[in-house]
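Enquirer: everything below, folded, please.
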Amino acid sequence: MNTPQSKTMWTPERLDVRSFARASGQITGEAPVTRFARLVEELFESSLAEVPALVQWRAEGSVREDPQGGTPAIWLNLHAKAVVPLQCQRCLGSVDTALEIDRWFRFVADEVTAEAQDDECEEDVLVLEPSMSLYDLLEDELLMSLPLVPMHDTCPVSVVMQVSDPGMAAEGGDKPPVHPFAALARLKK
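Expert: Predicted structure coming up:
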């Protein structure tokens, strides 16, 4: 989607960020999760086949003046939402997990400048390229927004919280545990 002031059709596959920001461009879209191969590798696949998830996204470009009077900076705001199936680490079933991104990116001329400034600021600093894939940036951000340990608030099935060996009770499971270093202690005497 283009803004009224934009005469260019912006494409997320090959976005000229400099022109996009100078025109205060805005684009929105939806993409199936299956478009993002690295993200799909992290998902609970059997649930993905049932209901394919969609990623809704919006990108806005802007140019901001430098407070110290330097070169104006190129900025990009990326916002995205999706609900994806992950594997619950408690019950091992599928858990629908909401992902949301709202990130600002500032673009600089080269990698050295990006590395020097990235640690000092809250926004992400990226190198300005003539053409970039908004989808690649979106996939990176979605991957970083995945929870470390996805879990249901309350699992839909009862979860066994202990491990037992069914053969243990039949063999007289009341025996004390064998300590592996007990034999070494007897040799020491």
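Enquirer: low-confidence ranges, this protein, go.
Expert: By pLDDT under 70, the weakly predicted segments of the chain are 1-8, 46-51, 67-69, 161-177, 189.
Enquirer: in it, which spans are helices?
Expert: With helices called from DSSP state H, the chain shows them at 17-22, 37-40, 45-50, 111-118, 134-144, 166-170, 182-188.
Enquirer: now tabulate these in a markdown table and tack on distance to residue 127 and mean neighbour count.
Expert: (C-beta placed from N, C-alpha, C; glycine too.) Shown next, in a markdown table, are these (distance: least, Cβ to Cβ, whole Å; neighbours: other Cβ atoms under 10 Å):
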| stretch | distance to residue 127 | mean neighbour count |
| --- | --- | --- |
| helix 17-22 | 10 | 19 |
| helix 37-40 | 21 | 14 |
| helix 45-50 | 33 | 12 |
| helix 111-118 | 5 | 13 |
| helix 134-144 | 12 | 18 |
| helix 166-170 | 59 | 9 |
| helix 182-188 | 59 | 8 |
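Enquirer: for residue 43, see how far away the most centrally placed residue in the chain is.
Expert: Centrality entry for the chain: nearest residue to the mean C-alpha point is residue 143, 2.3 Å, by Cα atoms, centre = their mean. For residue 143, the distance to residue 43 (Cβ to Cβ, to the nearest Å) stands at 11 Å.
Enquirer: residue 181 now?
Expert: 44 Å.
Enquirer: one more: residue 35?
Expert: 13 Å.
Enquirer: looking at those two, which is more packed in?
Expert: The residue with more neighbours, out of residue 35 and residue 43, is residue 43; 20 against 13, by other Cβ atoms under 10 Å.
Enquirer: where along the protein do the strands fall?
Expert: 26-32, 54-64, 73-87, 94-108, 124-127 (DSSP state E).
Enquirer: can you state the direction angle for the third one and strand 54-64?
Expert: Here the directions of strand 73-87 and strand 54-64 differ by 160 degrees (axes from the mean of the first three to the mean of the last three Cα atoms, to 10 degrees).
Enquirer: neighbouring strands - and their directions - for strand 73-87?
Expert: strand 54-64 (antiparallel), strand 94-108 (antiparallel) (DSSP bridges).
Enquirer: run the chain-centre distance for the last one.
Expert: Mean-position distance between strand 94-108 and its chain equals 6 Å (Cα atoms, centre = their mean, to the nearest Å).
Enquirer: what are the buried residues along that strand?
Expert: 94, 95, 97, 99, 101, 103, 105, 106, 107, 108 (16 or more other Cβ atoms under 10 Å).
Enquirer: ok, so of those residues, who is nearest residue 129?
Expert: The nearest member of these to residue 129, counting by Cβ to Cβ, is residue 107 at 8.5 Å.
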